[in-house]
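> Just to be clear, the model below is a prediction. Sequence and coordinates:
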Amino acid sequence: MRLKLDKVRERPFRWDEDLQIEAASLGHPDVRALGPVHWDGAVEHVDPGYLLKSSYRYRQTLDCRRCLEPVERDVEGEIVLLLVRETESSPPEELELEEEDLGVVHFQGEEIELLPFLEEEMQLNVPMKPLCRPDCEGLCPECGANWNDTTCDCETETTDPRWGGLADLKKQLEET
């Protein structure tokens, strides 16, 4: 959604829409699917720029990192940003960000694209390691059985090879 800011000076711009965003656009391998995204909000002129306030909600389907089963979660949140127009044509020099700068977006031109702000929030809402439940048992590394649903007779006890020297020493001591 491209917004012409000269129209916002006179009165706030408001929207309320449902979007279909492709899961692949988030660039996260654990995201299987995204439900329709309900996004509403407003942009209004404030000094020194424009205030964007919006809310969103959608359903995301992820892959559990341990058992690979689908995990569905409802997500909702808000976006509040101060959009400030850059006065120079050259990019600003590298600056150290302070806490109060985190909600400020600098831009150039007379128009601004709003959808990237929503997509960035959606990327941040994907957990680093999604799990179907905290105590997920995962898959058997030998036969692939889902240990949440069944058990298997596979031998999965492995010894860390770094302890091999101590195991040899223990064997030698037991033989003497």
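Right, received. Where do you want to start? Numbers count the residues shown, from 1 in each chain.
> Mind jotting down where the helices sit in this protein?
For the chain, the helices defined by DSSP state H occupy 5-8, 115-124, 164-175.
> excluding its backbone neighbours, what's nearest residue 5?
Spatial nearest neighbour of residue 5, chain neighbours left out: residue 110 (5.9 Å); criterion: Cβ to Cβ, 6 or more residues apart in numbering. C-beta coordinates here come from the backbone N, C-alpha and C atoms, glycine included.
> ok, residue 20 touching residue 39?
No - Residue 20 lies out of contact with residue 39 (Cβ atoms under 8 Å); the separation is 11.3 Å.
> which sections of this protein are below the confidence cut-off?
Along the chain, the parts satisfying pLDDT under 70 run over 87-102, 156-158.
> run the last query once more with 80
Residues of the chain meeting the criterion pLDDT under 80: 1, 5-6, 86-103, 155-161, 176.
> domain parsing for it?
Domain assignment for the chain by automatic domain parsing gives 2-124, 137-176.
> Quickly compare those and say which is most buried.
Neighbour counts (mean count of other Cβ atoms under 10 Å) averaged over each of the domains of the chain peak at domain 2-124, with a mean of 14.
> Please state the offset of that one from the chain centre?
Centroid displacement of domain 2-124 relative to its chain, using Cα atoms, centre = their mean, to the nearest Å, is 12 Å.
> swap in stretch 121-139?
Chain-centre distance of stretch 121-139: 11 Å, with Cα atoms, centre = their mean.
> outside of it, which residues touch it?
Identification of contacts with stretch 121-139 by Cβ atoms under 8 Å, 6 or more residues apart in numbering yields 21, 26-28, 30-31, 34, 37, 56, 58, 60, 62-69, 71, 75, 77, 79, 145-148.
> Redo the domains of the chain as TSV? Include distance to residue 130.
As requested, the domains of the chain are exported to TSV (distance: least, Cβ to Cβ, whole Å):
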stretch	distance to residue 130
domain 2-124	4
domain 137-176	13
